[in-house]
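In: My questions are about this predicted structure, shown below with the sequence.
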Amino acid sequence: MPSATLPTSSLFTIVPLAPELRKDTLIGAEVVLNKRGPIVPSTLLPDDISVLRQALYDNSVLVIRKQQGIDPHALEQLAAIWDENLINVHSAGKEQVLDPRNILSRNNGARLPRAQNVQIIGNGEFKGYEGIDYLNLRHIDSADFHAEPLTKEALEDGETRFYRWHQDAPLYESLPGKVTLIHGLVVPKLPDQKIRFDNGEVMEVQAGSTAFISGARAFQLLTPEEQEFALNTTVQYAPRAYEWIRDCKATSDGLGIAKVGDEKPNDELPPWTWDKVQAFPMAWKNPGRPEQPHLQILGCCVHSLRTKDPVTGKVTVIDDLAETRRICYNLQKKAVKPQHIYAHRWEDGDLVIFHNYGAWHSITGQLGSTQRLMWQVSMRSAKEPEPARA
Ligand SMILES: [Fe+2]
């Protein structure tokens with residue numbers, strides 16, 4: 001129950017998730033509202049906003065239950081709490097990605113007619129939803145995602161996988177949103193599924209659970225030498241990264257691409273110029289916890305690394321793709337363990353807000369034709385991620 005020692009405002013209390021859910025993740029708190037009903041951003045006072053802002057920086061993921069009926073525009077308004085440089089456009093663009101060359105178009109998502117910045121994602125068929133004649137939403141499937149997909153036996157045994165560990169980031173032209181908000185409207189009611197780790201450990205998750213890893217915890221798990229490397233390195237992403245990897249298959253843990261050679265050649269990508277291709281620090285600064293670097297890498301989309309010797313200032317470029325991927329994979333792999341992963345168990349009406357500049361997330365779940373429907377908002381920022389070390 002909320003206690004006087006927890007962060008509170010006039011409207012809510014921030015309650016860390018139970019220890020068996022938080023484990024060793026640094027992730028997760030519930031925003032327990034004093035009054036029932038959906039949150040209305042215009043009623044938040046400066047004190048409410050500052051408590052909410054710090055709570056996300058401290059916990060990476062905030063959960064607000066029973067948000068049925070929330071105004072879709074509230075999601076954009078809430079996003080602005082964490083971004084004074086927010087641009088009023090979804091980071092994926094003004095309209096849904098439909099170009100079949102872009103792998104992000106494969107979810108058959110749509111925008112909400114009454115709120116263009118709200119992306120509708122999920123699984124299964126919906127007729128007449130919010131004035132849209134027909135939606136055939138598509139959840140990822142291991143069969144066409146992983147280089148070594150789940151076998152028939154594993155599927156029958158209820159296994160699923162992590163798909164792509166990532167931050168929501170277009171990596172071209174548009175800067176990623178500081179936060180992502182997901183509102184679960186239709187949650188699949190399926191038996192729990194399980195994820196098997198390399199060492200034989202098994203983690204039970206809700207079917208369709210969204211999994212999170214703290215970039216801060218991932219950084220803490222590195223050796224001092226690796227931390228130093230991360231603090232001095234910039235990750236260059238590939239031009240038109242989501243078109244570039246569209247024929248590539250992922251490693252079984254969702255951290256990267258299984259082999260070099262299936263990337264699209266530059267002349268088969270949509271037009272691009274280097275000035276619009278993004279490069280970010282490997283370790284990002286958390287504005288609410290500036291002493292705590294976050295290891296933030298989109299492993300599937302990396303192209304090359306630039307690392308600076310802090311003493312001489314000499315910059316070394318690592319542009320061999322296999323080597324670049326190997327380095328990133330080994331740094332990230334340490335965190336992909338059950339004790340470092342928070343898997344959100346969705347309830348109808350949940351609003352989950354996560355710190356996109358401080359955490360990684362991954363879809364999970366084998367959903368078949370089961371219906372699932374969510375609203376997702378990630379607003380373009382005008383400001384790049386700041387390096388943990390200036
Ligand atoms: Fe995402």
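Out: In hand now; what should we look at?

In: can I assume P41 is in contact with P72?
Out: No - judged on CB atoms under 8 Å, P41 makes no contact with P72 at a distance of 11.9 Å. In this view, the C-beta of every residue, glycine as well, is placed from N, C-alpha and C.

In: In contact with I195: list those residues for me.
Out: E159, T160, R161, F162, V202, M203, V205, T364 (CB atoms under 8 Å, 6 or more residues apart in numbering).

In: at 10 Å instead, please
Out: 159-162, 201-205, 209, 211, 253-254, 336, 338, 341, 343, 362, 364-365 (CB atoms under 10 Å, 6 or more residues apart in numbering).

In: Which members of these occur in strands, if any?
Out: E159, T160, V202, M203, E204, V205, A211, A343, S362 (DSSP state E).

In: Which helix or strand contains the residue nearest to the third one when sequence neighbours are not counted?
Out: In space, not counting the residues next to it along the chain, V202 is nearest to K194; the distance is 5.0 Å by CB to CB, 6 or more residues apart in numbering. When secondary structure is defined by DSSP states H and E, K194 falls within strand 193-196.

In: in that strand, what's buried?
Out: Judged by neighbour count using 16 or more other CB atoms under 10 Å, the buried positions of strand 193-196 are Q193, I195, R196.

In: My read is that the last one contacts T151, right?
Out: Translated: R196. No - R196 is beyond contact range of T151, at 11.3 Å (criterion: CB atoms under 10 Å).

In: Show me where the chain dips below the pLDDT cut-off.
Out: 1-4 (pLDDT under 70).

In: Which parts of it belong to which domain?
Out: Domains of the chain are assigned by automatic domain parsing as 12-202+347-381, 217-333.

In: Let's have those domains in JSON lines, adding distance to R389.
Out: Converted to JSON lines, those look like this (distance: least, CB to CB, whole Å):
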{"stretch": "domain 12-202+347-381", "distance to R389": "15"}
{"stretch": "domain 217-333", "distance to R389": "4"}
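
In: Which stretches in the chain count as helices?
Out: Remark: helices assigned in the chain by DSSP state H are 19-22, 46-59, 72-79, 142-145, 152-156, 215-220, 224-231, 241-244, 321-333.

In: Out of those, which is closest to V31?
Out: helix 46-59 (7.0 Å; CB to CB).

In: Would you indicate which residues of the closest one are buried?
Out: D48, I49, V51, L52, A55, L56, Y57, D58, N59.

In: Grab the nearest non-local neighbour of the first one.
Out: Spelled out, that is D48. Using CB to CB, 6+ apart, the closest residue to D48 is S9 (4.1 Å).

In: dump the residue contacts of the one you found.
Out: Residues in contact with S9 (CB under 10 Å, 6+ apart) are V31, N34, L44, L45, P46, D47, D48, I49, S50, V51, L52, A55.

In: The second one: what's it in contact with?
Out: Counting by CB under 10 Å, 6+ apart, N34 touches P2, T8, S9, S10, L11, F12, T13.

In: Please check those residues and keep the buried ones.
Out: T8, S9, L11, F12, T13.

In: TSV for these, including distance to L86?
Out: Formatted as TSV, the buried ones among the contacts of N34 follow (distance: CB to CB, whole Å):
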residue	distance to L86
T8	26
S9	22
L11	22
F12	22
T13	26
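
In: How about exporting stretch 280-288 as CSV, limited to the C-alpha atoms?
Out: In CSV, the C-alpha atoms belonging to stretch 280-288 read as follows (Å, rounded to 0.1, in the frame of the first residue of the first chain):
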residue,chain,number,x,y,z
PHE,A,280,24.3,8.3,-31.1
PRO,A,281,26.5,7.9,-28.1
MET,A,282,26.8,4.3,-26.8
ALA,A,283,26.2,5.5,-23.2
TRP,A,284,23.3,8.0,-22.8
LYS,A,285,22.7,10.5,-20.0
ASN,A,286,19.7,10.2,-17.8
PRO,A,287,18.5,13.8,-17.0
GLY,A,288,17.1,12.7,-13.7
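
In: Buried residues in that stretch, which are they?
Out: So for stretch 280-288, counting by 16+ other CB under 10 Å, buried means F280, P281, M282, A283, W284, K285, N286, G288.

In: ditto for stretch 356-372
Out: Neighbour count says stretch 356-372 has 356-367, 370, 372 buried, by 16+ other CB under 10 Å.

In: what's the answer for stretch 297-310, then?
Out: I297, L298, G299, C300, C301, V302, H303, S304, L305, R306, T307.

In: Any figure for the gap between the closest residue to the third one other than its chain neighbours and E30?
Out: Read it as G299. Distance criterion CB to CB, 6+ apart; nearest residue to G299, sequence neighbours excluded, is G256 at 4.1 Å. G256 is 32 Å from E30, where distance means CB to CB, to the nearest Å.

In: still on that earlier bit, number of nearby residues for the residue nearest to G299?
Out: 24 (other CB atoms under 10 Å).

In: likewise R114?
Out: R114: 11 neighbours (other CB under 10 Å).

In: which one is it nearest to, not counting chain neighbours?
Out: That would be P72: by CB to CB, 6+ apart, it lies 6.4 Å from R114.

In: Can you verify my assumption that that neighbour contacts L351?
Out: No - P72 is not in contact with L351 according to CB under 10 Å; the separation is 11.3 Å.

In: Show me the common contact partners of the two, please.
Out: H183, W375.
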